[in-house]
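Asks: Need a 3D model of the following:
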Amino acid sequence: MISDKRVILAVERVCLAILFVWLVALPLPFGSIIDKARVPLIAVPLALCLVATLLRFYVIRDRSVTSQPTKTWLIWALGAMLFLTVGALQLVPLPPEVLRAVSPESHQIWSGASRVASLTGVSASALHPVSIDPSATAWELFRIAALFAALTASALLVRTPTRRILLATVLCAAALFEAFYGVREAALQRYAIWGWVNKLIQNRVTGTFVNPNHFANYIAIVLPMSLFLAAIAWYRAGAPGMPLLRHLARLVERETLLLAGSLIAAVISFIAILLAQSRGGLLAAGAGIFIVAAFLPGRRILRIVLGAIAGVVLLVTLVLFLGTERTVERFVPSAVEQGTLVGRRIGINAAAGVWRRFPVLGSGLGTFEYAVQMEQREDLSKAYHHADNDYVEIAATSGTAGYLIAIVALFGGYVTLLRMTFGRAGAELSWLRRAFQAAALTSLTIALVHALFEHNFFIPSNPATLAVIAGAAVASVDHDRRTRR
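Replies: Next up, the predicted model:
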């Protein structure tokens with residue numbers, strides 16, 4: 001029995017190490033958007049999820065372990081299964097009559113393609129799927145399955161306080177590397193990523209991402225992890241109710257290394273977002289922090305006001321130190337920025353038009369760049385690969401069925417995680433777990449806000465990183481330990 005426990009622990013540690021290495025590697029190949037990154041992006045979390053699930057089943061085989069899945073994980077798991085089912089239905093070849101009833105626009109497109117094929121002497125099948133590009137939909141289906149696998153693997157592996165601290169530390173280290181790499185390239189005026197020179201966007205820090213907004217979103221998602229580590233340092237320094245000056249003195253004496261590291265990571269993260277000149281990233285980070293802070297117990301109004309003042313002071317100090325031309329110059333409206341806003345409007349309007357064309361099951365997951373050409377009426381010299389609004393693009397590609405499943409599951413799990421953190425059930429959990437859940441809620445809120453004016457869900461490294469953070473927050477609770485405590 002003891003040897004079994006040692007073997008299981010050893011295998012879990014190996015899986016955990018692989019998960020951490022995968023997390024650090026995710027943003028390095030241009031945010032994992034290139035074709036070479038597809039296999040590790042999908043295969044690693046699927047394999048880890050399989051191994052971690054088998055290990056967990058083996059541990060609970062004799063029912064001596066009473067831990068149960070959290071309600072949040074169950075909601076997200078059910079939502080993921082249903083959403084993947086919608087994506088799979090998009091790939092099922094349907095008879096013409098059924099396809100016409102389910103998706104008239106898809107029927108018209110495939111019928112036209114069949115007529116063209118018959119004119120060239122090529123025989124075409126009479127059965128066609130809803131998706132207008134089955135290969136793109138299949139890849140997107142695997143990517144979404146990998147996201148759920150990453151969430152589940154994290155929930156099964158990162159379920160102890162020490163492992164959550166390690167996860168936060170690894171993510172902060174990855175964010176620091178991204179920031180330092182981007183600043184170095186900007187300082188050298190090279191703007192290169194592993195030798196590839198970014199001639200599209202210059203004078204803005206991008207890390208190993210092509211687009212500075214996607215880099216800022218990654219940094220913003222990881223930012224709450226540094227705040228989580230700083231909170232641990234504060235919590236360990238003294239008991240609640242200790243005089244402030246004494247608490248600060250003990251904080252410096254006992255938790256200097258953790259406090260310094262977490263604050264450095266937080267400040268550099270803010271600097272990186274400023275140097276990326278991402279208005280959306282800065283807005284999402286601020287909104288996410290203040291929304292979650294509003295749920296914290298205590299004097300909420302006073303805390304929010306003081307936090308807002310501290311945030312403004314920090315940003316002003318950083319802007320003065322770094323210089324306005326390298327940070328907030330882009331915040332001043334210009335002809336280029338007005339064109340960017342127009343481009344966002346065009347993409348969002350076109351996505352809404354695609355949704356109207358494919359109202360039930362959508363045009364097919366991953367097919368937006370092809371379907372948008374049916375509705376794009378302006379700026380025809382540009383190809384819109386994504387709508388700068390994740391919610392509208394999901395509706396366009398998965399239809400009303402997929403959209404409702406995604407929204408209900410996502411926000412349903414969000415609400416239950418809020419209750420598990422700040423509600424009555426949270427009082428039975430350890431302080432460190434509730435602190436990590438609050439940090440994960442902040443990361444999730446930042447992503448949800450930024451999704452209103454960016455397409456970060458479709459930059460593979462960002463939602464995958466968020467899935468691991470969320471998975472660690474919704475890991476099962478050991479009811480025996482909770483009862484004893």
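Asks: Name the residues of stretch 51-63 that come out as buried.
Replies: For stretch 51-63, burial by neighbour count (16 or more other CB atoms under 10 Å) applies to 51, 52, 55, 56. Where C-beta positions appear, they are placed from N, C-alpha and C, glycine not excepted.
Asks: quick one: which of those residues is nearest to residue 11?
Replies: Residue 11 has its nearest neighbour among these in residue 55, at 6.2 Å by CB to CB.
Asks: Work out the gap between the helix or strand the closest one falls within and the centre of the chain.
Replies: Element membership for residue 55 (DSSP states H and E) is helix 38-59. Computed by CA atoms, centre = their mean, to the nearest Å, the chain-centroid distance of helix 38-59 equals 19 Å.
Asks: just for this structure, where's the confidence low?
Replies: Applying pLDDT under 70 to the chain flags residues 1-3, 62-67, 124, 298-304, 306-308, 310-343, 379-381, 478-485.
Asks: Next SSE downstream of the longest helix belonging to it?
Replies: Counting residues, the longest helix in the chain under DSSP state H turns out to be helix 390-422. Toward the C-terminus, helix 390-422 is succeeded by helix 431-450 as the next helix or strand (DSSP H and E).
Asks: What helices and strands are in contact with that following helix?
Replies: The contact analysis (3 or more CB pairs under 8 Å, 6 or more residues apart in numbering; DSSP states H and E) places helix 431-450 against helix 161-187, helix 212-237, helix 279-293, helix 390-422, helix 461-473.
Asks: Helices of the stretch 201-350 of the chain, residue ranges please.
Replies: Residue ranges of the helices in the stretch 201-350 of the chain, as given by DSSP state H, counting those that start in this stretch, are 212-237, 244-254, 256-275, 279-293, 300-322, 335-357.
Asks: quick one: the fourth one to chain centroid distance?
Replies: The offset between the C-alpha centroid of helix 279-293 and the centroid of the whole chain comes to 15 Å, using CA atoms, centre = their mean.
Asks: in it, what counts as buried?
Replies: In helix 279-293, the ones that count as buried by 16+ other CB under 10 Å are 279-292.
Asks: what does stretch 449-469 give?
Replies: Per 16+ other CB under 10 Å, stretch 449-469 contains these buried residues: 449-469.
Asks: Alpha carbons only: can I get it in PDB?
Replies: Only the C-alpha atoms of stretch 449-469 are listed here, as PDB (Å, rounded to 0.1, in the frame of the first residue of the first chain):
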ATOM      1  CA  VAL A 449     -13.800  41.800 -20.100                       C
ATOM      2  CA  HIS A 450     -11.000  41.800 -22.700                       C
ATOM      3  CA  ALA A 451     -13.100  39.400 -24.800                       C
ATOM      4  CA  LEU A 452     -15.500  42.300 -25.500                       C
ATOM      5  CA  PHE A 453     -13.000  44.000 -27.800                       C
ATOM      6  CA  GLU A 454     -10.400  41.400 -28.700                       C
ATOM      7  CA  HIS A 455     -10.200  37.800 -29.900                       C
ATOM      8  CA  ASN A 456      -7.900  36.400 -27.300                       C
ATOM      9  CA  PHE A 457      -9.900  33.200 -26.900                       C
ATOM     10  CA  PHE A 458      -8.600  32.200 -30.400                       C
ATOM     11  CA  ILE A 459      -4.900  32.900 -29.500                       C
ATOM     12  CA  PRO A 460      -4.200  29.300 -28.200                       C
ATOM     13  CA  SER A 461      -1.800  30.100 -25.400                       C
ATOM     14  CA  ASN A 462      -4.100  32.500 -23.600                       C
ATOM     15  CA  PRO A 463      -7.200  30.400 -23.000                       C
ATOM     16  CA  ALA A 464      -5.000  27.300 -22.300                       C
ATOM     17  CA  THR A 465      -3.200  29.200 -19.600                       C
ATOM     18  CA  LEU A 466      -6.500  30.400 -18.200                       C
ATOM     19  CA  ALA A 467      -7.900  26.900 -18.200                       C
ATOM     20  CA  VAL A 468      -5.000  25.700 -16.000                       C
ATOM     21  CA  ILE A 469      -5.500  28.500 -13.600                       C
END
